[in-house]
Structures are given as structure tokens and as C-alpha cells.
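Student: next input, structure requested:
(2 chains)
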Amino acid sequence: MRNTRLIARLDVKGPNLIKGIHLEGLRVIGDPQEYARRYYEQGADELIYIDIVASLYGRNSLGDIVARAARDVFVPLTVGGGLRSIDDVRAMLRAGADKVAINTAAIRRPELVTEIAQRFGSQCMVLGIEAKRSGAGKWEAFTDNGRESTGVDVVEWCRRGYELGAGEILLTSVDQEGTRKGFDTALIDAVTKVVPIPVIASGGMGSTAHMVDAVEHGADAVAMADILHYNRMSLPAIRAAAIDAGLRVRRDTEIAA
Amino acid sequence: MSVVHIVDYGIGNLYSVSRAIEKAGGEAKLTSDAGEIARADRILLPGVGAYEPCISTLRQTGLADPVLEFAATGRPFLGICVGMQLLFDYSLEFGKYAGLGLIPGHVAAIPASDDAGTRKVPHIGWSPLLVPEGRNGWEGTLLDGAEPGVSSTYFVHSFNCVPDDPARRLAEADYAGFAVCAAVEKDNITAFQCHPEKSGPAGLRILENFLRK
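Tutor: Next up is the predicted model:
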């Protein structure tokens, strides 16, 4: 069985950590740094930052947040939202990111995936997907946080993204996001069957049973937001449940402070 | 305070590495100066991405020779990720490229299994470190204090080091039945495929041990 990563996902807008439902109706949660440090100290395997309005306004306010995080957080950081060029990616990596998640810019210009992979390595190039159900066993890729329809089929796009050089896929279900009703396991199934690279399931985690479901359907990592931000469950408790369920997760998460 | 000179040839997550050294109690100095490298107390060779750009940039910047000279001084030398792979004779990533030849051996792809679900490449994630067969624990090494089979570090790589002498293997990790070479040790040189700077407390302990060398 594969090892499973437990990832804290922090969506940010301007200087604030926020949380929405279906990526909309955003509520301010607090200072992202405070949460990032807490999640690191509680043993998060990785953090993902997504600037959820950056691609709407064509700017990126993430650099400072990432640089601050990299001072205190010694686990991998993935950063996305509004990154459109090699220069944007380089700036983010310099700020302390390890990987970048690219959605909108990759859909507009797929060659960007290859350019990033060649320049910085595939391991750095995470294909960001915002998937909405469009029919039985079909999903459409959206951009700009689930607002913009693209007509692109998610499964086909994931396959293409892999061929273009993506090293990992951040698979967000817009339908499930913020609902706490569980991951879209059919989506996870469909994508993990066609790409041989790791897939991070995102959107819908309301209980540890959902996490186990996602892994059983092929996810290599599980991203969680709501359940952590609102303190519905702590990371150590989630990890303990993962171990009880027989998932292979990191077991040496001492208090990191 | 122990000073670590990080070889800055323009490639690598230098900020994260510097911050982790500082967190471990040391002072991190980026350098692309040959003389500074030669005089350093200890150096760290980073590297991320593909092999060829790393080795050719290291040579083009004129830092390959100073790194070799430093290695010969016997002072503590730490390689990380591609900075580990560069120490070997050659790599087979996208062709065949000569490395620094400090550790006899080569770098080869992690075999992807037939069943796409079991072993994905790249290998991304946390794996517990294991003591290789024939080695008697980690006392006195940079893994001093790590608990075999429990202490875990973060990996992200598609290629894997194969030292000619298996005794150079300091630690392994099991990746779906494939024994990843997680760390090697030869004289004053220790190198990790995984990322101590991204491996939480277990990784910081490796850096603390390096600072005490």
C-alpha cells in the first residue's frame, strides 16, 4: 500500500486565510501564518496555499505569505493562484515554495506546464484542477475558483497534463468543496486510473471516514481545510484515525515547536 | 556558532535550506566564491530538478573544482537531493552525464512497476528511514537519534543513487518494494536523497547533527 500524505490547505485572499463553500461565499478565518504554524507543529505533512482571487484580478499577493511561512514551517509548501509565467514561478520558489500549482494559466496555454517542468523539474509542477460534475462519470475543468467554465474534460486534461510534464495533480471537487460531505470518489477513481503520478484529493473532507474513502479510491494525499480551520478535528486525531484505519501515514510527528 | 556554507550555483531551494540550518542552530551563508568554499568549515551542496542543468551549471560557475577540493580536506560535507546525486560518477537521467565522482556509483531511474497503482514515479512523500542490511545502526552518523522504521523524511525524486559499494548506504526507504537509497556516507561526506530541510523535526535533527560534526 502507498504512503498517504495529510495536507493542510490554506486558501487565502489578500492577507487573510479564508474558507468558502464550493469555493464561494468566502469567510475570513484569520492570519494564515498562525494557522500554518499550528498545522506544522501538529504534524501536517505538507501545506498548500491557494490565492483564490489572484487569477481574477491578475495579481499575486502570495509571495509575502509564503516567505513568512518558509521561515517557520519545515515541511513542503505548494503554492498556487494567479501564477502565469516562469518568472511568477521563480519568484514563488525563491520565496520558499517547493512546488507550484497551476490551473488557469495552464488551461490557457498548456505549454506552460512543460516549460515549468523543464525549468524547475516535474516534481515542482503541480497541475491544479477545479472539477465540476457535468454528467454521469464526466467532469468539466473550471478556472478562477469554479467560476469560469472551460469546456475541458477533467480526465482528459489530467492525462494531457501528465504528458506535458506535470508531476502531481491537485484535484479539487468544486461540488464537494466546503460541504463536509466527503470527497468526490468517482472523480478520484477516474483520474487516478489514467495518470501514473500522485493525486491529491481536495474538497469535502468532513470526517476521517472520508479520508479513508479517498485513499481507497486511489488518492495519494488528502487535502483538508474546513475540518482543521474550524477545529472540528485536530491533525493528531486525524492521523491517529488514519493509523487505526490501516493507512500508511507518517508516525513520527512529534510536536515540532 | 557553527557556520555552514551553502554552495550557491543558482539552483536549489536555498532559502528553505538556509532557514532550516538557522532553525537547527547554525549560521547559513550562501556562497559562490571558490576561495570561501575552500576555506569553509562545512559545506552543503543543494540541488533540485534535473541532473544535467545542475551538473553543468555547477561546472560553468567554476564551483565544481572548489567542491572537490573541499571534499578532500576531510571537513564535513552534506549533499541534499540532486546535491547527493552529483557526488556519484554519472547519472542516467535524460542521457548519461558525468558527476563529481566523489562516491563510486551511479544514478538510475526508480523502476515504475507494471501495476500503475503501486509504485508511482516520482516518489513523493514521507517514508520511514531504515537501516540497510549489514549496517549496525546510526550512532555517530548524521542519523544519530533517528528511530529506524519510525523517523520519516520527505522524498521527492524520480532517480535514485546506486553506490558501487553497498556499505556506503547509510539509510534506505521502502518505496512499494523498491529499496530507495535514502542516504550515503563516505568518510567526511554524508548525503541525503530526502530533504532534511523539509522533514520537520526529524530533518532538523539531521542538520543539528551536521552542525556538531
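Student: contacting residues for residue 27?
Tutor: Using chain A. A:18-20 (C-beta atoms under 8 Å, 6 or more residues apart in numbering or on different chains). (C-beta placed from N, C-alpha, C; glycine too.)
Student: meant chain B actually
Tutor: B:1-4, B:21.
Student: repeat that with 10 Å
Tutor: Counting by C-beta atoms under 10 Å, 6 or more residues apart in numbering or on different chains, B:E27 touches B:1-5, B:18, B:21, B:211.
Student: torsion angles phi and psi at it?
Tutor: Per-residue torsions, B:E27: phi -110, psi 130 (degrees, to the nearest 10).
Student: same check, this time on B:G35
Tutor: Backbone geometry at B:G35, expressed as degrees, to the nearest 10, gives phi -60, psi -40.
Student: how close does it get to B:N188?
Tutor: 20 Å (C-beta to C-beta, to the nearest Å).
Student: what's the burial count for the residue of chain B found nearest chain A?
Tutor: Distances between chain B and chain A by C-beta to the nearest C-beta are smallest at B:G49, namely 3.6 Å. As a burial measure, B:G49 scores 19 neighbours (other C-beta atoms under 10 Å in any protein chain shown).
Student: and the pLDDT at it?
Tutor: With respect to pLDDT, B:G49 scores 82.
Student: thought it was touching B:G12?
Tutor: Yes. Between B:G49 and B:G12 a contact is recorded at 8.6 Å, counting by C-beta atoms under 10 Å.
Student: what touches both of those two?
Tutor: Common neighbours of B:G49 and B:G12 (C-beta under 10 Å, 6+ apart) are B:81-82.
Student: and the stretch 1-150 of chain A, which residues reach chain B?
Tutor: Contact residues, the stretch 1-150 of chain A versus chain B (C-beta under 10 Å from any C-beta of the partner chain): A:1-6, A:40-41, A:43-46, A:66-67, A:70-77, A:93-99, A:117-124, A:126.
Student: next, the contact list for the residue nearest to B:A167 when sequence neighbours are not counted, please.
Tutor: Distances taken as C-beta to C-beta, 6 or more residues apart in numbering or on different chains put B:G134 closest to B:A167, at 6.6 Å, once the chain neighbours are dropped. For B:G134, the contact set (C-beta under 10 Å, 6+ apart) comprises B:166-167, B:169.
Student: before we move on, back to that, neighbour-wise, which of B:G35 and B:N188 wins?
Tutor: B:N188 (16 against 9).
Student: before we move on, the earlier item: pick the one among the contacts of B:E27 closest to A:R84.
Tutor: B:S18 (27.7 Å; C-beta to C-beta).
Student: buried residues in the helix or strand where the closest one lies?
Tutor: B:S18 belongs to helix B:14-23 when assigned by DSSP states H and E. Neighbour-count burial for helix B:14-23, counted by 16 or more other C-beta atoms under 10 Å in any protein chain shown, picks out B:14-21, B:23.
Student: and stretch B:86-100, by the same measure?
Tutor: Buried residues in stretch B:86-100 (16+ other C-beta under 10 Å): B:86-91, B:93, B:97, B:99-100.
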